[in-house]
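K.L.:
Here is a sequence with its predicted model. Questions after.
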Amino acid sequence: MNWEKGQGHYPHQATIDAYGNEGFRFADMSHRGSVLCLPSGMYAWPVTSSAEITLEALARVFEEPALDVLLVGMGPDIARLDPAIRSALRERGIIAEAVSTGSAVRTYNVLLNEHRAVGAALVAVDNPR
């Protein structure tokens, strides 16, 4: 897989086993950088900070046919999600929750294990909290 150039794709949704050191572990693999976790699979995501989360950066999320909740891991701290993004998601029936990456990972894993239609847009962090 070409994870480093933002082209990586794992064709199944998976729980996140670990995060930190600017990456994530899932499905017995290690990924360096941010990641989109969607029902259609896990995707490398070229976003490096909450300031880079835009409608364009979330385009793949809007292509998902069945998604009820999107957890947005904003990095090490909570940041405000752009109201235009929140509105666009709401128009598609998707509830958006912007939290720290650690909180997003934990909640995503719980909802995924409950077989909910959940996705996560996770900005990589150096130190887990």
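P.N.:
Done, it's in.

K.L.:
going forward, measure contacts between C-alpha atoms and count neighbours the same way
P.N.:
Fine.

K.L.:
where are the low-confidence patches of the chain?
P.N.:
Across the chain, the ranges flagged by pLDDT under 70 are 1-7, 129.

K.L.:
Where do the helices of it begin and end?
P.N.:
For the chain, the helices defined by DSSP state H occupy 59-63, 83-91, 101-113.

K.L.:
most packed of these?
P.N.:
Here the criterion is mean neighbour count by mean count of other C-alpha atoms under 10 Å, and of the helices of the chain the winner is helix 101-113, at a mean of 19.

K.L.:
Determine the set of other helices and strands touching it.
P.N.:
strand 69-73, strand 118-122 (3 or more C-alpha pairs under 8 Å, 6 or more residues apart in numbering; DSSP states H and E).

K.L.:
Which secondary structure elements does the first one sit against?
P.N.:
The reference is to strand 69-73. Looks like strand 69-73 contacts strand 95-99, helix 101-113, strand 118-122 (3+ C-alpha pairs under 8 Å, 6+ apart).
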